[in-house]
Structure formats: structure tokens, C-alpha cells
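> give me a model of this one.
(chains A, B, C and D)
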Number of protein chains: 2
Amino acid sequence: MAASTLTEVARLAGVSPATASRVLNGSARKPGPDIADRVRQAADSLGYIPNAQAQGLAKSSSGLIGLIVHDIADPYFAAIARGVQEAAREQGRMVLLATTAGAPGDEKEAVAAFAARRADSIVIAGSRSSRTEDTDGNADLAAELDRYCRNGGQVAVVGHPVVGAAVSDGYHVVEVPNEELAASLASELSASRADDDFVIIGGPEGLFTSDDRIRGFQQGLAEAGRPPAEILRSSFNRAGGFGAGLTLAARIKASRPEAGGVGATGNGGGSKGLCIFAVNDVMAIGAAAALRSEGLRIPRDATIAGFDDIETLRDFRPALSTVHLPLEEIGRIATRSAAGTAAADGAGTPPPVTGQVTLRRSTETAS
Amino acid sequence: MAASTLTEVARLAGVSPATASRVLNGSARKPGPDIADRVRQAADSLGYIPNAQAQGLAKSSSGLIGLIVHDIADPYFAAIARGVQEAAREQGRMVLLATTAGAPGDEKEAVAAFAARRADSIVIAGSRSSRTEDTDGNADLAAELDRYCRNGGQVAVVGHPVVGAAVSDGYHVVEVPNEELAASLASELSASRADDDFVIIGGPEGLFTSDDRIRGFQQGLAEAGRPPAEILRSSFNRAGGFGAGLTLAARIKASRPEAGGVGATGNGGGSKGLCIFAVNDVMAIGAAAALRSEGLRIPRDATIAGFDDIETLRDFRPALSTVHLPLEEIGRIATRSAAGTAAADGAGTPPPVTGQVTLRRSTETAS
DNA sequence: CTGGTCTGGGAAAGCGCATTCCCACTGCAT
DNA sequence: ATGCAGTGGGAATGCGCTTTCCCAGACCAG
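Numbering: from 1, shown residues only, chains lettered A, B, ... in the order given. Purely as a prediction, here's the structure:
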């Protein structure tokens, strides 16, 4: 038993398919009330569900929003996805999900798939990369996006524009002030951790999000009259943070004058403390776990700060100093700006994203 | 400039649309190699992207999988979503996301929307409810699902079947042994926390997932010769856990003989300890945060266990005792069983989901 | 009473593709 | 030389819907 069609409804109501279409879907022309009722009744009794594919074909617009993330299980992306989902619902659209692990090649595939489905707009949430191994992939992705835009598609990118993407009126970028915020964080930490050395746990070189935060942090340090921090590179996830954390733990233990038992007092002998900045919360948590596994305590033996303010991680102890980012809002903004909605009211520039340095226990001066 | 069509490609290649279709999409009939090349070249030079909507219309199948969750930002659902996404990719399909906050009414809408898009299958991940206020919604949902199945759709539900859903061959349930696992947890805790009283922090009555875990836990206690635990009801999220945690904290403090300073020794005066079972990890974390905010320490002043083994929460301290659930795998299994793939190899029953009691620091006997 | 403008409904032409027939042609056996 | 199956390509139909265009009737002014 196949789903019933508009034609069947029309026949049952004793009207033409055109009329049925006009009453069941928002058309400019409103048929008379009596006819409308008849049609609606017929539709009800048949359990009519319009075929969105056919509608899309006829109208050439699908009511679909494509969302590209690295990994939907990553709380960062999950939070953004929630915002996208919400905004999509406002617009009466549905979201199509694609995960790519950050590979531009996969992202290109995803864009093509979205284009094939005639998605009205695409939101790209994952961090852009400028690594040389991604050059080809980026070029392909840029070309695909360009084509998509020329065909009338709208795309919004969170953070940095795709490398090499042509500017077009369907192409929006939601700026995230990673650099400024990282600078603020550095400046606040410089003040509260006056005696500490700084070290940065960053993602792989070429990841814009990571690079921006690193650059901003260094700049903030410089403005505070501090020397640049050493940078440890690792993968952009918990495992990376954990690995870097082990390295640092070894270093901290080695620099302690006394043979460090587990209970040994940190920062003994007047040596300077260490303040770790991990470029995102998940890495920070990984690093913290590594330190702890080596018997070190935070903030006693080292202090640590992250970035993103992931909700699920707020109950972590010691509470993680970080930079709050309105992830959900970012998702909403991106979705709206790719809907043409934002352009309707005035300047057309989406509201700026603002974050906030949030110092908590993990960088508190030991009392 | 609209996207180019099959017809354009065919014209450029000097063949008929039929032939172009045959070479560009997997058809049973393979045109000659020379012609195929010409077509492929034409398609390339035109940047041809097949219109999935038109394909879907013609074939009446869309390559879409609908996923229904309560909240994509909840790590439990995010993990399942990852599995679904993965399995979908294996099948060459894309996933359509809908979030419903668990309201059967919204879920019905989502199913209808998926049906409108002619999704090949639907995966429902959210917990089912049998609350009386959801009766109507459940009936609607069941009817909608039934219609969807009768039209050839496949649906997989994680956990409990939708209340009132008709059995049909397109309707699969991925059983999660919540009850058994909760019983095991109770039994293990009974052994290791021989002197403790037990209390359960549950979700609202009528949420199957919560109810199953509560029932299982009580049963496990009974089998261990323990009296049934008191049940505190709250919402099925962190806030709920936190609220219940505050209640328990007050109770714990009140039962202490001495005026409890922050540093006071727990379980003083020989009174029995308290072991808290929260029906999911997120609630457990909330409860733990509440206890901590009241100056109580875990596992010293109370012990606590959760359920799910959420990945993001593994670095929580003290490490949370819980029941490990292969969330991602569950998503994969559900997706596969709704793809007809599972039925192809033999019995057709999907592999059973197995969990594992995982005791960690949060329920460790104070040394 | 006639000519004009609205109004509301129907007929029909696609939207882009898959697919069923159908046909021309080849190669082989008779 | 003739018949036949087999092969490979094209014409045409339809998937379910929207939308343009057209037409019949109503209604008003002259």
C-alpha cells in the first residue's frame, strides 16, 4: 500500500489536483472556504503526506540544511549542532548531518551530497586547515562550494573561511574572535599567575582554530611583557592533550629539587610554577588527567586553562578555567545567516560572536 | 546558473538521456566503454551533480535515514548519533536529524516529516514514555509509525518499543538490557558496600529507561537480601541529579552526630554510609556536584554510581562507577537492523547489546 | 442589455530522472 | 541467403507535485 498522493486526495474531494495543491500547501491563491474544507477532509481521511521530494523537484528547493562537523560525538560540535537544529526548526527545515573527521576531501564529498539533495544551505562547523597535505582537498572543497553557491546555495562557515573559497554573496563566515579571546585569557592569566612560566598545548600546525588561539595567547603574553610560551603540538583531542600532559608531567617532576613523592609540595624551592594553556577544553581535560595520573595535582603543581567552556565538562574538578564560547548561539547564527534571514533586517551582517574569559579553580593561586 | 541536468550531459555527449543515466548511475545495463567514457567526460566538464530528489522520485527511495533523539547535545545521544552516522555512511546514505525533547507529539511530527522525505528508515533513540500525559501523543506516534511501516518504511527503536505500536516486519527493537545490568550493578554494590544504605535517583515515573533501571536495581538488591531502596524522582538530566543531590546532602549532614564542619570525617559514629544510584551518568554527575557544593566528599561521605559510561565524563573525579553501554555500537546496530541488512544473514535478529558493570573510585570503600 | 474586469477553478506543462518498451543492428546457425 | 537470438541504444512514460496559462462565470459600470 503506497502512500496516497495529491491526485487521490483531489479526486476524493472532487476537485483538480491544482486546487488540492493550493489548499494543502501555502499558495498565493486561496481557494474558497467550502472547497478548502472538502480538500482538507479528504486529505485527512486518506492520511495524506505530501511527498517532499516531488515538492522539492517542482519548487527546486528542499527545505534541507546541510551540517558538516568533524565528529558529532564531540561535545563542541554537538553543542553547535543543537543550535543549528534549533534554528532549522524555526525555519521549518530539517538538518542533514555529515561527519568528516576534518578531512577536506570528505567535506567536499559532503558538500556534493548536499548539493545533490538540493539543500537550501550548508553550515560548515569544523575548523579549517591550511596544512600542505590538505591543499588539494581544500581546493576541491572550495571549487565545490563555489559551484554550490553559483547554483544559488547559501553556505555559512564557522570560524575561518575555507582556504581559496571565492567570495560570493551566498558565502557567509561567522567570525569567532579566537585570537582576541586567547589574548585576553593570556593577559588575565599573566596578572593572576605572575610567577608562572607558560606553555601551550596546541593542535597540529595549520589548524586555524588552534593557530589563532595560539597566536592570540602569545600576543597577550607579549603585551603583558612576558616571553613567548613554548608550544607543544599534539592532536586536537583528548588523547593529544593527554600525551602532551605526560610530557609536561615528566618535566615538572624533573625540575623539582626534592625527590617528588606523591604528596610532595609543588613549586618547592622557589622554582617558578607552570601554567598550561590547552587550545580547547577537551585537550585541557586530557592534559589534566595525565598530570593526575603522574601524581601531580592541579592547581598545586601546575595550573591549566582551556578554551570553549564545554557544558559537559563544567563539573570537572578542579573547575577548569577557560574561555566561554556561545556554541549553541554560534550554530544558530550560522544557520540564520545562511538562510538569508539575517540579510533581511538592515545591514545583513550577523550579530558578532562574543566570548568571555572565565577563570576558575584550575588556575587559582594556591593559598 | 542552474545546476546542469542529465539531459544536458547527454546532449553534450551526443547520446540519449537514457544512456547517460545508465552510465552515470549504477544500472543493470552497461553501455559500451567508448560511450561511457564520452558521457563521463561530458558530466565532468559540466560539473554534473545528479539531482537526488529527482532520483528519489523516480526510484521512490531517498537514501535518507531519519534519526530521532531528545537532544543532540546530550552526550548519550551524541554517542548514539555517531554510530548511526557511521552505519549510514557504510550504507551510502545520509542522516536526517530531528530533536524532540522526548515529546511524543514532536516525535510524531518528526516521523511524518521523515515520511514526507521518503526516508528509507527511521531510528528512534530517545527513551519511550508511558506517562499518562503522553498517552495521546504515543497513540499518534504509534499510528504514524504504523503508517510509515505499511508504506514500506523500516524503523528501529532503541530500548523499548513505542507504546501501542503494531508489530510489523518493518519494525525493529534494539533491546538494551537495562534491567539486568542494573541488577548486576546492585548486586556488585551490595557486595562491596555491605554497610551502606541505598538510595536511587530516578527520572520521572513512566520513562522506560529510568523505570527499567530502577526495577532492575531493586531486584538486584532483593536478590542480595537487601531491603528496597528509597527512590527520589527528578528530571532525567543534570539539573535533576543536582536537585536530588541537594536533598540527599541535607539528609546526610543531618544524620551526622557531630556538627559537621567541612573537614569532618564522614560516616562518623558508626552510622551507615549512603550509596547513591543515579539512573544515568549525567544525573550522577549532577548529584555529585550537589554533594560537593554542600561540602561533602565522595566516596568518603557518600558513594555514587551512574549508568551509561559517557565518554566525556570518564575524566571526572572521583572516577564514576557506572554501567558501560556500547552507545556507538547501539547506534550502528539500530541503523543496520533498520536497513534490512541484518535480516539478510540468517536469523535476522540483530546482535544483542551487552553492557558491563564498571566499578570505579566513586564507590570504593574508603581506606 | 452589453462590454468590461475580476474571481476562482481546471488543464497542462514541466521539474530531473529511471525505466520499460521498442527498434536497428550484429553475429551465428541453418 | 535466411532466420534467430542477442546486444546496445533511443523514445516515451511516469514518479508527485507546482505553476502558468486559460477559461467560465459573476459582477459592475455604462
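> contact partners for residue A:38?
By Cβ atoms under 8 Å, 6 or more residues apart in numbering or on different chains, the contact list for residue A:38 reads A:13, A:14, A:15. C-betas here are computed from N, CA, C, even on glycine.
> next: residue A:18.
For residue A:18, the contact set (Cβ under 8 Å, 6+ apart) is empty.
> of the contacts of residue A:38, just say which sits nearest to DNA strand D.
residue A:15 (11.2 Å; Cβ to the nearest atom of the strand).
> ChimeraX command for the buried members of the contacts of residue A:38?
Those of these that count as buried under 16 or more other Cβ atoms under 10 Å in any protein chain shown are selected in ChimeraX with:
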select /A:13,15
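> dump the contacts of residue A:38 to TSV, plus pLDDT and distance to DNA strand D.
Putting the contacts of residue A:38 into TSV (pLDDT from 0 to 100; distance: Cβ to the nearest atom of the strand, whole Å) gives the following:
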residue	pLDDT	distance to DNA strand D
A:13	90	13
A:14	90	16
A:15	91	11
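> turn the contacts of residue A:38 into TSV, columns for secondary structure.
Shown next, in TSV, are the contacts of residue A:38 (DSSP: H, G, I helix; E, B strand; the rest coil):
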residue	secondary structure
A:13	helix
A:14	coil
A:15	coil
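> which members of the contacts of residue A:38 additionally contact DNA strand C?
Filtering the contacts of residue A:38 for proximity to DNA strand C (criterion: Cβ under 7 Å from any atom of the strand) leaves A:14, A:15.
> among the contacts of residue A:38, which one lies nearest to residue B:310?
Distance to residue B:310, by Cβ to Cβ, is smallest for residue A:13 among these, at 51.8 Å.
> if I look at that closest one, how far off is residue A:29?
16 Å (Cβ to Cβ, to the nearest Å).
> and what of residue A:146?
Note on residue A:146: its distance to residue A:29, by Cβ to Cβ, is 38 Å.
> neighbour count winner among those two?
residue A:146 (20 against 8; other Cβ atoms under 10 Å in any protein chain shown).
> and the next element down the chain from whichever strand or helix holds the more buried one?
Element membership of residue A:146 [criterion: DSSP states H and E] is helix A:135-150. With elements assigned by DSSP H and E, the helix or strand that comes after helix A:135-150 is strand A:154-158.
> who does the following helix or strand past that following strand pair up with?
Counting by DSSP H and E, the next helix or strand C-terminal to strand A:154-158 is strand A:171-174. Its sheet considered, strand A:171-174 pairs with strand A:154-158 (parallel) by DSSP bridges.
> residues contacting residue A:117?
Residues near residue A:117 by Cβ under 8 Å, 6+ apart: A:62, A:64, A:66, A:96, B:52, B:53, B:94.
> ok, 10 Å please
With contact set as Cβ atoms under 10 Å, 6 or more residues apart in numbering or on different chains, residue A:117 has these partners: A:53, A:56, A:62, A:64, A:66, A:96, B:49, B:51-53, B:55-56, B:62-64, B:94, B:96, B:117.
> swap in residue A:71?
Neighbour list for residue A:71: A:77, A:78, A:99, A:100, A:101, A:102, A:126, A:237, B:78, B:82, B:85 [criterion: Cβ under 10 Å, 6+ apart].
> out of those residues, which are buried?
Buried among the contacts of residue A:71 by 16+ other Cβ under 10 Å: A:77, A:78, A:99, A:100, A:102, A:126, A:237, B:78, B:82, B:85.
> can you pull out the helices in the stretch 51-200 of chain A?
Here the stretch 51-200 of chain A has its helices, by DSSP state H, counting those that start in this stretch, at A:52-59, A:75-90, A:104-116, A:135-150, A:178-192.
> relative to residue A:289, which of those helices is closest?
Of all these, it is helix A:75-90 that lies closest to residue A:289, at 15.8 Å by Cβ to Cβ.
> please point out which parts of that closest one sit buried.
For helix A:75-90, a neighbour-count test (16+ other Cβ under 10 Å) marks A:75-89 as buried.
> what about the nearest residue to residue A:146 once chain neighbours are set aside, how many neighbours?
Using Cβ to Cβ, 6 or more residues apart in numbering or on different chains and skipping residues adjacent in sequence, the residue nearest residue A:146 is residue A:166, 4.9 Å away. Residue A:166 has 14 neighbours, counted by other Cβ under 10 Å.
> list the contacts for residue A:166?
Counted by Cβ under 10 Å, 6+ apart, residue A:166 has contacts A:142, A:143, A:145, A:146, A:147, A:149, A:150.
> from the residues you listed, which single one is nearest residue A:360?
For those, the nearest to residue A:360 is residue A:145 (38.9 Å; Cβ to Cβ).
> hang on, residue A:252 packs against residue A:273?
Yes: using Cβ atoms under 10 Å, residue A:252 is in contact with residue A:273, at 9.3 Å.
> returning to what we had before: separation between the residue nearest to residue A:146 and residue A:151?
Per Cβ to Cβ, residue A:166 is found 13 Å from residue A:151.
> where does the stretch 1-150 of chain A have low pLDDT?
Regions of the stretch 1-150 of chain A meeting the criterion pLDDT under 70 cover residues A:1-2.
> what residues does it have near DNA strand D?
Within the stretch 1-150 of chain A, the residues that sit near DNA strand D (Cβ under 7 Å from any atom of the strand) are A:2-3, A:5-7, A:17-18, A:21-22, A:24-25, A:27, A:29, A:48, A:50-51, A:54-55, A:57-59.
> of the residues you listed, list those near DNA strand C.
Among those, DNA strand C is touched by A:17, A:18, A:29, A:54, A:57, A:58 when using Cβ under 7 Å from any atom of the strand.
> what about the fifth one, neighbour count?
By the other Cβ under 10 Å criterion, the neighbourhood of residue A:57 contains 19 residues.
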